[in-house]
Structures are given as C-alpha cells and as structure tokens.
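**Q** let me see the structure of the following:
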Amino acid sequence: MKRIWILLIMILPCMVASAVEINIAEEVLDITPAIGDTIVPIRITVHGVQVEIRLNGKFSTEIHLEDHEYPLKIWESRPGVLFIQKYHVRTGYNERTELHFKYELPVMDRIEFYDSQHKLQSIFDVDAHNPYLKPNDSIKVMPYFFDSEGIRFLPEDEHLADDGLGSHWVHTIVSGNGSESKSKFIEVTYTAYEVSKSNKMLGAKSTQVVLDTEGSKLFCKEFPYKTSTPVVANDGSHLLFSILPIEAAENAGMKTQNEGFEIWDIDKALRIYRSENENPDMWIAEPVKDELTGWLCVDYTFPNSIELSRHQYLFDPQEEVLYDRIITTSEMKEFTVNWFKKYRSWKSIVELIAFRKQILSHD
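**A** Numbers count the residues shown, from 1 in each chain. Okay, the predicted model is just below:
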C-alpha cells in the first residue's frame, strides 16, 4: 500500500504539470484567432474563385483547383504588396507521338498595392504592360516559351535577307518573389527573343520596369539586347543590370552578343556607366545588392582560370563612385571563409584592400 502512495506522489506532479501545459496550449489556441480577427479580410477573385486575404506583412496561400496539376499562389511579397498568379496554357502537337498536348504553367497575373488601411491603391497587370505581346500582325507571339534544344543562334553577319523575323518568344520575370522582401522596389523584366521564319535565333531585346511599393512606375526603358533583372539602390536613385549572352543548346558556352553591364540614374533616366567585355576568358554574372551597405555589385568570372576568381565591380549609389579590382582565387576563398566574422560587406574589403576608384559623370 505504501508503494502505491509513493507512486502516486511521484506521478501527481507530472500529471498536474501536463494538465497545466494542456490548459495553456488551449488558451493560446483560443486567443490566436481573436488576434487574427483584428485584420480586416479582403476578398479577391483568382481564376474565378473568391479568396479571403488577410494582409499582415507576410500573408501567403495557395489555391488547389481540380483538373490543374499546379496550384496558384497568392502572397504578400512586401507589406501591402500582393502578388497573384494565373495559368498560362499552351497547346501543341508532338510529331513523334502524333498527339496533341496541353501545357499549363502558373505565371504572374497582377500585383496589387494596398495602403496602411488595407485599401486598394493600384493594380499592375503584368501582361497588359508587356510591349512584346502585341507586335504587328506578321510576327507570331509565343509567351513563356523557349526551346533551347530546337534552335540555333545566328550572328548578325550570318542573317539571311530572305529569312526575316517570324516570331517573338516572350519571357517575363518579376523580381522579389518573396525572397527580396526588404527591397522597396519591384523590378519587372520583359524579354522578346527574336526568331526567324526558319527558326533561327536572331537576337533579343528587353524592357526594364521599376515600380515602388505604391505601384508608381519609376523607370521604364527598352534595351536592344537581353538583360538581367536589375538591382535598384535602396533610395531608388540608380539601377544596375547585366547584358547577357543568348544561350541555346547548340551555342552553349559561346558568346552570342557583347556582354557587359550598365548603371543608370533613375531620376534623370540617364546612363552614367557602361562596361562592354572584350575578354573571351571573362563571363558576366547577374548583379546583386550588398545587403549591409546597399551597394550594387556585379562581376565578371574567370571559369577556366585556376589563379583568378573574378573581376569585381562595386557601385556606391550615394557617392556615385565605382570600385573595381581583379580578385584572385585565394583572396576570394579568404573573403568567403571570413565574410561574417571579419568583413560582412564589400565596403569593408574596399577599405582594407586597394581597388581602382572612378567618380562617375552624367555627361
């Protein structure tokens, strides 16, 4: 009998503790919806379905529909900025199987901008602003399409007079899909790959659009080459983008256009710097923004070199100063290993190691 009482005494505190934990957990669950209820729901229509949105700075949901392989996503990429997807459907014919097919892909439909009271301020319809979806009647438009294995790039000196432009393969990239939510800007890049009537790649052109978090268009310009999505200075004063080669299966590893990068003054809509790479051993990378300083960064890499890592360019948008230096492989390894402990930004490296310095001009 004593043993039974002893066991009860030993077990009782655990039972009480468990009961307390359960009660606390239940209270938390009861309280959570009450907190959520302070957010006024917004109802929007996505693919014919009513969706309830609760803007809390990081809202995210998916719509799973019958007869659709992929869900549609709706998410708050930044507080008050709602990204909404739609389906792009393409039909085709497979000559090998002699069967028709339907290809469906979730793509960006629109961006909705809300104020602090969760009232809709503006809507940016992604396709409606695409300048390449409605060319003249002689050009066929193929949105969200690129057949890297079924096409070959032709340099300009090999273009045939009787094989003119036949179609545009149109791509759209909307940056900041949740991964760059600290940015105050949304960058949209429209690209039209120019394809001849005999299915040869002739070239490409891109249009860059920069929006602020209220939906106002800060920058919009077309460039006669394929570009990366730009990185934008924290204060919206400048942007930097790479000029990229056009790559398909038959010309992989070949430079199909003069690559490089450009820096633009957004307020003045003026280019203040252009780099054009003439070194066959260097390849342009896509730009990034230094998180700590807000500097705009881009580099050329040396993929076939053991000694050299990259030619690094760093732009300080506040001072309009461009720094550059060739970084060796051993230096880059040391920067990487000690980045968080010693450097944390490219500015720290510039202060320790000699870089070439250029004050950019608006002339």
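**Q** state the next helix or strand along the chain beyond the lowest-mean-pLDDT helix or strand in the chain.
**A** Every helix and strand of the chain was ranked by mean pLDDT, DSSP states H and E. The lowest is helix 2-36, at a mean of 35. Where DSSP states H and E defines the elements, the next helix or strand beyond helix 2-36 is strand 42-46.
**Q** what residues of the following helix or strand past that next one count as buried?
**A** Later in the chain than strand 42-46, the nearest helix or strand by DSSP H and E is strand 49-53. Residues of strand 49-53 classed as buried: 51, 53 (neighbour count, 16 or more other Cβ atoms under 10 Å). For glycine as for every other residue, the C-beta is placed from the backbone atoms N, C-alpha and C.
**Q** strand 49-53 pairs with which strands, and in what direction?
**A** strand 42-46 (antiparallel) (DSSP bridges).
**Q** mind checking how far Glu187 is from Phe219?
**A** 9 Å (Cβ to Cβ, to the nearest Å).
**Q** which neighbours do those two share?
**A** 208-210, 239 (Cβ atoms under 8 Å, 6 or more residues apart in numbering).
**Q** and those residues, which of them are buried?
**A** 208-210, 239.
**Q** report the distance from stretch 152-160 to the chain centre.
**A** 30 Å (Cα atoms, centre = their mean, to the nearest Å).
**Q** same question for stretch 344-351.
**A** 25 Å.
**Q** show the subsequent helix or strand relative to the longest strand anywhere in the chain.
**A** Ordering each strand of the chain by length in residues (DSSP state E) puts strand 99-114 first. Following strand 99-114 in sequence order, the next helix or strand is strand 120-125 (DSSP H and E).
**Q** which residues are in contact with that next one?
**A** With Cβ under 8 Å, 6+ apart as the criterion, strand 120-125 contacts 42, 109-115, 186, 188, 211, 214-216.
**Q** centroid-nearest residue for this structure?
**A** Ser175 (2.8 Å; Cα atoms, centre = their mean).
**Q** is it true that Ala192 lies in a strand?
**A** Yes: Ala192: assigned to a strand according to DSSP: H, G, I helix; E, B strand; the rest coil.
**Q** ok, it to Ile111 distance?
**A** Distance from Ala192 to Ile111, by Cβ to Cβ: 21 Å.
**Q** which of the two has more neighbours?
**A** Between Ala192 and Ile111, counted using other Cβ atoms under 10 Å, Ala192 has the larger neighbour count: 25 against 22.
**Q** which one is the more buried one nearest to, not counting chain neighbours?
**A** Among residues not flanking Ala192 along the chain, Tyr132 sits closest, at 3.9 Å (Cβ to Cβ, 6 or more residues apart in numbering).
**Q** specify the local secondary structure of that neighbour.
**A** Recorded secondary structure, Tyr132: coil (three-state DSSP).
**Q** tally of neighbours for it?
**A** Tyr132: 22 neighbours (other Cβ under 10 Å).
**Q** and if you look at Glu62?
**A** 14.
**Q** do Phe59 as well
**A** 16.
**Q** quick one on the thing from earlier: mind listing what the residue nearest to the centre of the chain touches?
**A** With Cβ under 8 Å, 6+ apart, Ser175 has these contacts: 186-189, 229.
**Q** can I get stretch 193-205 in CSV, CA atoms only?
**A** The C-alpha trace of stretch 193-205 is given here as CSV (Å, rounded to 0.1, in the frame of the first residue of the first chain):
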residue,chain,number,x,y,z
TYR,A,193,13.7,36.6,-78.2
GLU,A,194,13.7,37.4,-82.0
VAL,A,195,13.3,34.2,-84.0
SER,A,196,13.4,34.0,-87.8
LYS,A,197,10.9,32.3,-90.1
SER,A,198,13.2,29.3,-90.4
ASN,A,199,13.5,29.0,-86.6
LYS,A,200,16.9,30.7,-86.1
MET,A,201,17.6,33.0,-83.1
LEU,A,202,18.4,36.4,-84.5
GLY,A,203,18.7,38.4,-81.2
ALA,A,204,16.8,39.7,-78.2
LYS,A,205,15.5,42.9,-76.7
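**Q** where does pLDDT dip in the stretch 51-200 of the chain?
**A** Applying pLDDT under 70 to the stretch 51-200 of the chain flags residues 93-95, 137, 157, 176-182.
**Q** helices of that one, start to end?
**A** Using DSSP state H, counting those that start in this stretch, no helices are found in the stretch 51-200 of the chain.
**Q** before we move on, back to that, from the contact counts, what lies against the longest strand of the chain?
**A** Identification of packing neighbours for strand 99-114 by 3 or more Cβ pairs under 8 Å, 6 or more residues apart in numbering; DSSP states H and E yields strand 42-46, strand 81-94, strand 120-125, strand 165-174.
**Q** so where do the helices sit in the stretch 201-350 of the chain?
**A** Counting by DSSP H, counting those that start in this stretch, the stretch 201-350 of the chain has helices at residues 329-337, 346-352.
**Q** so which of these gets nearest Lys102?
**A** helix 329-337 (45.7 Å; Cβ to Cβ).
**Q** report the contact partners of the residue nearest to Asp324 when sequence neighbours are not counted.
**A** Excluding the flanking residues, the one nearest Asp324 by Cβ to Cβ, 6+ apart is Tyr313, at 4.7 Å. Each residue near Tyr313 by Cβ under 8 Å, 6+ apart is listed here: 261, 275, 297-299, 322-324.
**Q** widest-spaced pair of those?
**A** Across the contacts of Tyr313, the longest distance by Cβ to Cβ is 14.0 Å; it joins Phe261 and Tyr323.
**Q** now do Trp169 against Ser148, distance only.
**A** From Trp169 to Ser148 the distance is 10 Å (Cβ to Cβ).
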